[in-house]
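**Student:** Predicted model, plus sequence, below.
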Amino acid sequence: MNRHSLNGTFVRQAILLAVGLALSIGTYAGERNLAIVEPSAVGMNAEGLGKLGAAMQGFVDRGELAGVVTVVARHGKIAHFETYGMQDVETGVPMAKDTIFRIYSMTKPIAGVALMTFYEEGRFDLDDPVAKFIPEFADLKVAKEPGPDGQPVVEDANHPMTIRELVSHTAGLTYGFFSRSQVDTLYVRANVLDRNSTLKDMVGKLGGIPLRQQPGSAWHYSVAVDVQGYLVEVLAGKPFDEVLKERIFDPLGMMDTAFWIKPEDEPRTATMYQQRRGGELAPSPSREYFTKPALFSGGGGLVSTAMDYTRFAE
């Protein structure tokens, strides 16, 4: 689910992949181009998949979604791959199977896989302190209760934040806009996820802000996966986007997945829409993804296509 929808601003086309990728994952076929077969060939029901298509078309017909791409795969083969509605309503461009979407928090599993490839290589243990690799996270304070002038009363962390906590959203971090606390306000003021600053800049800002809660004490949706992206940079000694390309995108043939959209690919990029009060869809244009960012957000920065993400999921 993307950040806008979680925040109540339902950016319709940004979550189409989340709606459409109803994947029953089998063993990866080992090929970049997954075969498209009759549903019965992989033990699925064509009539049932037809109901999926009818439901998606219904969203479009009622004006609840501008367009949809749906993929269902099983045993490394695709049993259903369809498009509905428009990529851009105003210009009448139909949705296509290679339409590019901003995938928001569907970036997170990709970042997680990248980090765990280093775990497989024995580069870290899950119970290692994060500060072992990111010194900015040493001796972090924790917000104990609200304090004066927007600054929380703090206490010492009862233990150092671990990588296990970082990868499970229990590290004590937050996002700044999905909950309300003085710590969240400090995130907003610091512009923690500034697209024009680097991941190193981000962790520097976080190192100066108290944790929202004690590490390991609660699950709380957060910038933890963005921090994982920086941890990957530290382990690899190179930028996060290069690591993803080398370890995931190139091997899987994910040629349309990146942190920005190249000019030649702009014509096949989905326009973002949000539903206004009363149900009307309104375009929510943004040009930021058409330029390369300084911040490679592991928490929500990627663009991709339905087929690329299916390759990754398989």
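**Tutor:** Done, it's in.
**Student:** Of all residues in this protein, which one is nearest the centre?
**Tutor:** In the chain, the C-alpha nearest the mean C-alpha coordinate belongs to Ser105, at 2.2 Å (CA atoms, centre = their mean).
**Student:** Between the two ends of stretch 57-76, how far is it?
**Tutor:** Stretch 57-76 has an end-to-end distance of 26 Å (CA to CA, to the nearest Å).
**Student:** brain fart, stretch 268-287
**Tutor:** First-to-last distance for stretch 268-287 - CA to CA - comes to 14 Å.
**Student:** That stretch: how far from the chain's middle?
**Tutor:** Counting by CA atoms, centre = their mean, to the nearest Å, stretch 268-287 is centred 19 Å from the centre of its parent chain.
**Student:** Please apply the same query to stretch 202-216.
**Tutor:** Stretch 202-216 has its average C-alpha position 21 Å from the chain's average C-alpha position, going by CA atoms, centre = their mean.
**Student:** can you check stretch 241-258 too?
**Tutor:** Distance of stretch 241-258 from the chain centroid (CA atoms, centre = their mean) equals 15 Å.
**Student:** which of the residues in that stretch are buried?
**Tutor:** Neighbour counts using 16 or more other CB atoms under 10 Å place Asp241, Val243, Leu244, Arg247, Ile248, Phe249, Leu252, Met254, Asp256, Thr257, Ala258 of stretch 241-258 among the buried residues. In short, each C-beta sits where N, CA and C put it, glycine included.
**Student:** Helices - which of those residues land there?
**Tutor:** By the criterion of DSSP state H, membership of those in helices covers Asp241, Val243, Leu244, Leu252.
**Student:** Residue for residue, what is the longest strand the protein has?
**Tutor:** strand 77-88 (DSSP state E).
**Student:** quick check: mean pLDDT across that one?
**Tutor:** The predicted model gives strand 77-88 an average pLDDT of 97.
**Student:** For that strand, what is the distance to the chain centroid?
**Tutor:** With CA atoms, centre = their mean, you get 21 Å for strand 77-88.
**Student:** pLDDT (mean, whole number) over the helix or strand following that strand?
**Tutor:** Per DSSP states H and E, the first helix or strand lying C-terminal to strand 77-88 is strand 93-94. Strand 93-94 shows an average pLDDT of 98 in the prediction.
**Student:** Excluding covalently adjacent residues, which one is nearest to Val234?
**Tutor:** Phe133 (5.0 Å; CB to CB, 6 or more residues apart in numbering).
**Student:** One more: Ser105?
**Tutor:** Gly300 (5.1 Å).
**Student:** and what of Glu136?
**Tutor:** Gly207 is the one closest to Glu136 (CB to CB, 6+ apart), at 3.4 Å.
**Student:** ok, now how distant is that neighbour from Ile134?
**Tutor:** Going from Gly207 to Ile134 by CB to CB, to the nearest Å gives 8 Å.
**Student:** Neighbour count for the two, which is higher?
**Tutor:** Neighbours per residue (other CB atoms under 10 Å) separate Gly207 from Ile134, with Ile134 holding more: 22 against 15.
**Student:** Excluding chain neighbours, give the residue nearest to the more buried one in space.
**Tutor:** Spatially, and ignoring its direct neighbours in sequence, Ile134 is nearest to Val203 (5.7 Å; CB to CB, 6+ apart).
**Student:** what about the one you found, how many neighbours?
**Tutor:** Val203: 23 neighbours (other CB under 10 Å).
**Student:** before we move on, what about the one 3 residues further on?
**Tutor:** Neighbour count of Leu206, defined by other CB under 10 Å: 23.
**Student:** Please, which helix or strand holds it?
**Tutor:** Leu206 belongs to helix 199-207 when assigned by DSSP H and E.
**Student:** helices or strands next to that helix in the packing?
**Tutor:** For helix 199-207, the elements it packs on are helix 224-236, judged by 3 or more CB pairs under 8 Å, 6 or more residues apart in numbering; DSSP states H and E.
**Student:** could you give me the average pLDDT of the helix it packs on?
**Tutor:** In this model, helix 224-236 has an average pLDDT of 98.
**Student:** Run through the bridge partners of His80.
**Tutor:** Val72 (DSSP bridges).
**Student:** now could you export just the CA positions of the longest strand of the chain as CSV?
**Tutor:** Presented in CSV, the C-alpha positions along strand 77-88 are these (Å, rounded to 0.1, in the frame of the first residue of the first chain):
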residue,chain,number,x,y,z
LYS,A,77,3.6,-19.1,-15.3
ILE,A,78,1.1,-16.3,-15.9
ALA,A,79,-2.5,-17.4,-15.9
HIS,A,80,-4.0,-13.9,-16.1
PHE,A,81,-2.6,-10.6,-17.4
GLU,A,82,-5.1,-7.9,-18.3
THR,A,83,-5.6,-4.2,-18.5
TYR,A,84,-8.6,-2.0,-17.9
GLY,A,85,-9.4,1.7,-18.3
MET,A,86,-7.0,4.5,-18.9
GLN,A,87,-3.4,5.3,-18.2
ASP,A,88,-4.4,9.0,-18.6
